[in-house]
Structures are given as structure tokens and as C-alpha cells.
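Colleague: next one to model:
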Amino acid sequence: MGTVVQLKNQINNSYFQLKESVDEKLVLVEEKIKSKLNSEVELVQKMTNYHIITGGKRLRALLTLGSAKLCGYTKGGRDINLAACVELIHSATLMHDDVIDSGDLRRGKKTLNSIWGNQSSILIGDYLLSRCFEIMVDDGNLEILKLLSSTSAQIAQGEVLQLQHKGEIDMLEETYLKIISSKTAALFSAATKVGAILSNTESREKDALDFYGKNIGLTFQIADDTLDYNSELKIFGKSIGKDFFEGKITLPIILLFQKINTLEKQKIDAFFKQEIRSNSNLSYTLNLIKKYNIINECYKKADHFINLASNSLSIFKETKEKKILENLTSFSLERNF
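Modeller: From the prediction side, this is the model:
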């Protein structure tokens, strides 16, 4: 995959190609989200308006729309409604996540909790989830209802598992993958599988898109965690070292701890046992990450999931939509915005 500096200079157009291929429907997804978040309560309306303005890539919504199109769904607006539903689940989990992490920036802007406080932010996250379930009930498909409700539960369990292992410097890579499979990959796989369910496809196509989404999600989270320790890239709207200062154990630290010597282990272990970590602590850690070539090691791990995602689409006919989704596997790692 090459170094992260090389990745920074690569341009992967698949995201924009996917966005362009479903652009009209994506506009309707935004309209659906806005309409579902209308409220007569002034503070609710103010906070949800702020959330909408902060935007995002809408990648999960795009995956739902793209997967539905791949499977031949063309008539009706169920894909629009359920793409909005997937995005509302994602937004709700981010709001709760910011409260848990005491986060003050999201996508380069102040978080809801940093402006209106934790209590209001948690309730707004719950409000988004309740609106999401309204969409699911209105859709009326029990398979989709079961999938998205179980996905919401899985995300919550992943967050709790991460809290349980916070500061656990010798965390197993297996545990890390279990955490991100729940808190990140689960919603990606649900987003893509929903598209297949809408289209009344065969079980093997549903399973293929489920597997595709899961591995896209794993790649996406590994890339995100790796960028947090890359001193050469500061382009993603979040500060370098955010996970470090919060005491989160992610793949770069797990792989680093496997390679460093005893004295270095003692220092890194001491950092994560501290209540507060300093900039000098981060600098020391970043130097070790560079010394042991950890960034490239992380991307090699991500490459494995990229290949799994891409290969899972082999059962589908050769179409423009399939090609875009295949290329999107690399975007999840190479994205530069």
C-alpha cells in the first residue's frame, strides 16, 4: 500500500463516482433527514439544525444507495428512507461517543456537547434513534427492522467493550478487532445489506454485501486510528494524538507494544496509566512509531480487509456500480478529506 505520505498524494475518485451515480437520491436523503428532525421544541430544533450543518461524507447512506442500485432496485423511495435511517443511527452514535470521550471537535467544528452540554447531547442522540425507528416501522420490512435494531445494540456493546479495555496497553489484536467490528463495521455491513434486502435478492448476494460492508468498515476504522498517530498528515478535521490523549488503545499502540524493548514498554505503559498524557509523551510515542515503522504495519493489516471486501463482490455481474464499489475499498484507506 505504500507509506501514508504516498497515500496522501493519491486521489481515489470512487467516492465521488458513487456520489455522482446516486446524487439525486442523496439530495432526497438530506431532505428526509431534515424533515425527520423537525421539532416544536426550540432547543431540539437548534441542536439538530447545527448537526445538519456540520454535515459529513454520508458514506453509509451512499453505500445503502449504491448497494441497492447494484442489486437492481430502481423504483420507489425505500432506499432513500433507509439511507437516511442509517445516517441517523451513525449520527446518534457520534453524539453519544463525543460525550463519552469528552470530545470538543467533530469534523473541525465544536461538538454538540461542548456547546450545549452532555445531558442535552445524550437526549438529542436518543431523539435521532427514535426518529430512525419511526422510519424502520414505516418501511414495514421485518428483516430490515431486525437488522438495524440489532446493529444499534451491537454498536452500543462495542462502545462498552472499548471502555472496558481503556488503557489496557497489552490488549490483544483480536480484542481490538472485536471492538471495531461492533462499533464501526457493524453499521457499514448493515448499510450495504439493506440495499440487497430492498432488492429482494438471493441470500448469497445479501451475505456478499454484508461481508463487503463489514470489511470496508474495518478498513475505515483502522485507517482512522492510524491517522491519529501519523505526524505527517493533519488534514482530517481531528487533531493528531486525540486517541492517545483519551487513553484509547488502538492498532498502532497494539503493534508498537509488540515490537518495542523492555525500557520503551515501561515508558509507554506509564503514559497510559497516567490520568493525563502530555505533548512530550505523545512526541516520544510518535518517535517510536516512526522508528518501528508502525504506520506501514497498520496499512498492511488494512490491506487484508480491502482484499476481502473487493473479492466479496465477485458474484455480481460486471457493471458500473460494481466497479465503483470495488474501487471504494481503497478509498476507505486512501481518503484525504
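
Colleague: CA atoms for contacts and neighbours, from now on please.
Modeller: Will do.

Colleague: pick out the residue closest to the middle of this structure.
Modeller: Here the mean C-alpha position of the chain is nearest to the C-alpha of residue 184 (CA atoms, centre = their mean), at a distance of 4.9 Å.

Colleague: now do the SS call for that one.
Modeller: helix (DSSP: H, G, I helix; E, B strand; the rest coil).

Colleague: offset the numbering so it begins at 58, please.
Modeller: Happy to do that; since the first residue is 58 now, the last one works out to residue 241.

Colleague: ok, and the closest non-adjacent residue to it?
Modeller: Leaving aside its chain neighbours, residue 241 sits nearest to residue 274 (5.9 Å; criterion: CA to CA, 6 or more residues apart in numbering).

Colleague: give me the below-cutoff pLDDT ranges for the stretch 258-394 of the chain.
Modeller: Along the stretch 258-394 of the chain, the parts satisfying pLDDT under 70 run over 288-296, 389-394.

Colleague: how far away is residue 316 from residue 193?
Modeller: Distance of residue 316 to residue 193, given as CA to CA, to the nearest Å: 47 Å.

Colleague: and the two? Which one has more around it.
Modeller: residue 193 (22 against 14; other CA atoms under 10 Å).

Colleague: buried residues in stretch 367-384?
Modeller: Using 16 or more other CA atoms under 10 Å as the test for burial, stretch 367-384 gives 367, 369-370, 378-384.

Colleague: let me redo that: stretch 78-93
Modeller: 78, 82-83, 85-87, 89-90, 93.

Colleague: from the residues you listed, which is closest to residue 106?
Modeller: Taking CA to CA as the measure, residue 106 lies nearest residue 90 of the buried residues of stretch 78-93, at 10.5 Å.

Colleague: secondary structure class for the closest one?
Modeller: Following three-state DSSP, residue 90 is assigned to helix.

Colleague: pretty sure it sits against residue 143.
Modeller: No - the pair residue 90 / residue 143 is not scored as a contact, 10.3 Å apart, by CA atoms under 8 Å.

Colleague: okay, the buried residues of stretch 367-384 in CSV with secondary structure and distance to residue 269 next?
Modeller: CSV is the format used below for these (DSSP: H, G, I helix; E, B strand; the rest coil; distance: CA to CA, whole Å):
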residue, secondary structure, distance to residue 269
367, helix, 7
369, helix, 6
370, helix, 7
378, helix, 14
379, helix, 12
380, helix, 13
381, helix, 13
382, helix, 9
383, helix, 9
384, helix, 12
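
Colleague: including distance to residue 306, could these go into TSV?
Modeller: As requested, the buried residues of stretch 367-384 are exported to TSV (distance: CA to CA, whole Å):
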residue	distance to residue 306
367	28
369	30
370	32
378	37
379	35
380	35
381	33
382	31
383	30
384	30
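
Colleague: which single one of those residues is nearest to residue 117?
Modeller: Closest to residue 117, out of all of the buried residues of stretch 367-384 and judged by CA to CA, is residue 382, at 12.4 Å.

Colleague: circling back: which residues touch the residue nearest to residue 241?
Modeller: 238, 241-246, 389 (CA atoms under 8 Å, 6 or more residues apart in numbering).

Colleague: how near is it to residue 300?
Modeller: According to CA to CA, residue 274 stands 18 Å off from residue 300.

Colleague: same check on residue 219?
Modeller: Taken as CA to CA, the span from residue 219 to residue 300 is 12 Å.

Colleague: more crowded one of those two?
Modeller: residue 219 (22 against 15).

Colleague: just checking, that one touches residue 236?
Modeller: Yes - the pair residue 219 and residue 236 passes the contact test of CA under 8 Å, sitting 6.1 Å apart.

Colleague: quick one: average pLDDT of the helix or strand encompassing residue 247?
Modeller: Residue 247 is part of helix 243-255, with elements assigned from DSSP states H and E. Across helix 243-255, the average pLDDT comes to 97.

Colleague: who are the packing partners of that helix?
Modeller: Packed against helix 243-255 by the contact rule (3 or more CA pairs under 8 Å, 6 or more residues apart in numbering; DSSP states H and E) you find helix 116-127, helix 135-158, helix 199-221, helix 260-284.

Colleague: and the ones you listed, which is most packed in?
Modeller: helix 116-127 (a mean of 26; mean count of other CA atoms under 10 Å).
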